[in-house]
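Novice: Please work out how this folds:
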Amino acid sequence: MNLSDTQAAGLPQGDVRLLDTPTAQRLLNDSTLVARLAYTGKDGTPRLIPVNFLWNSDEVVIAAFASTYKVRDLHARPDVAITIDTADGAPQVLMLRGKVTLTEVEGVLPEYAVMQRAGLGEEAGDTYVAAIDKPGLRMVRIALRPAWVGVLDFQERFPGLTPEPVLAALGAGQ
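Specialist: Okay, the predicted model is just below:
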């Protein structure tokens with residue numbers, strides 16, 4: 001169910017129904033954006049890394065090679081936060097939290113191939129995937145089904161909270 005901006009304005013930050021807002025859907029389905037994954041490292045300190053992602057209408061899927069530190073750390077501490085945001089014009093930010101599930105697969109993770117084609121183009125993506133798809137390749141599907149969702153969009157969701165000079169500078173008054 002897609003929510004209108006008016007319906008979404010009444011939802012509190014943290015409500016998973018915010019996934020159905022126009023802002024969240026725009027950010028989740030924009031293959032040109034990267035997400036930022038925050039998790040806790042082996043030594044207990046925070047990590048924040050950019051990652052390609054795929055939204056499948058239920059989960060944010062991230063791919064990793066099986067032998068990475070990220071995979072080791074996520075097995076030990078699966079609680080994460082993810083942000084997806086825009087940097088041009090008025091900022092729009094989608095914030096997600098929850099526990100990830102990790103599933104190791106042999107060969108190229110299908111979602112990873114989709115991400116590569118989206119980012120590199122069909123031909124270059126296929127060439128890259130073919131180049132890494134060698135015997136012994138193991139990948140990990142990192143999936144987040146959000147338990148907490150926040151949306152920051154001061155032009156659509158919270159226009160009344162944005163100071164007039166900021167709106168004017170962003171061209172929102174036009």
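
Novice: Name the next helix or strand downstream of the least confident helix or strand in the chain by mean pLDDT, please.
Specialist: With mean pLDDT, DSSP states H and E as the measure, the helix or strand of the chain carrying the lowest mean pLDDT is helix 5-9 (a mean of 62). From helix 5-9 onward toward the C-terminus, using DSSP states H and E, the following helix or strand is helix 22-28.

Novice: who's in contact with the most centrally placed residue in the chain?
Specialist: Note on the chain: the residue nearest the mean C-alpha position is A35, at 4.2 Å, using C-alpha atoms, centre = their mean. Contacts for A35 were tallied using C-beta atoms under 8 Å, 6 or more residues apart in numbering; they are P50, V51, N52, F53, V60, I62, I82, T83, I84. To be clear about C-beta, it is placed using only N, CA and C from the backbone, and glycine gets the same treatment.

Novice: May I see the ChimeraX selection of the buried members of the residues you listed?
Specialist: One line in ChimeraX is enough to select the buried ones among the contacts of A35; burial here means 16 or more other C-beta atoms under 10 Å:
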select :51,52,53,60,62,82,83,84
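
Novice: Show me what the longest strand seen in the chain packs onto, helices and strands only.
Specialist: Assignment by DSSP state E gives strand 92-106 as the longest strand of the chain. In terms of contacts (3 or more C-beta pairs under 8 Å, 6 or more residues apart in numbering; DSSP states H and E), strand 92-106 is packed against helix 22-28, helix 69-76, strand 79-85, strand 138-144, strand 148-153.

Novice: Now do that strand against strand 79-85, angle only.
Specialist: Computed by axes from the mean of the first three to the mean of the last three C-alpha atoms, to 10 degrees, the angle separating strand 92-106 from strand 79-85 equals 130 degrees.

Novice: so what strands line up beside strand 92-106?
Specialist: Take DSSP bridges as the rule and strand 92-106 pairs in its sheet with strand 79-85 (antiparallel), strand 138-144 (antiparallel), strand 148-153 (antiparallel).

Novice: Please save the CA atoms from the first one in PDB.
Specialist: The C-alpha trace of strand 79-85 is given here as PDB (Å, rounded to 0.1, in the frame of the first residue of the first chain):
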ATOM      1  CA  ASP A  79      22.200  -5.300  14.400                       C
ATOM      2  CA  VAL A  80      22.600  -2.600  11.700                       C
ATOM      3  CA  ALA A  81      21.500   0.800  10.500                       C
ATOM      4  CA  ILE A  82      21.200   1.800   6.900                       C
ATOM      5  CA  THR A  83      20.800   5.200   5.300                       C
ATOM      6  CA  ILE A  84      19.900   5.900   1.700                       C
ATOM      7  CA  ASP A  85      20.000   9.600   0.900                       C
END
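
Novice: Rounded mean pLDDT for that strand, please.
Specialist: Confidence for strand 79-85, expressed as mean pLDDT, is 97.
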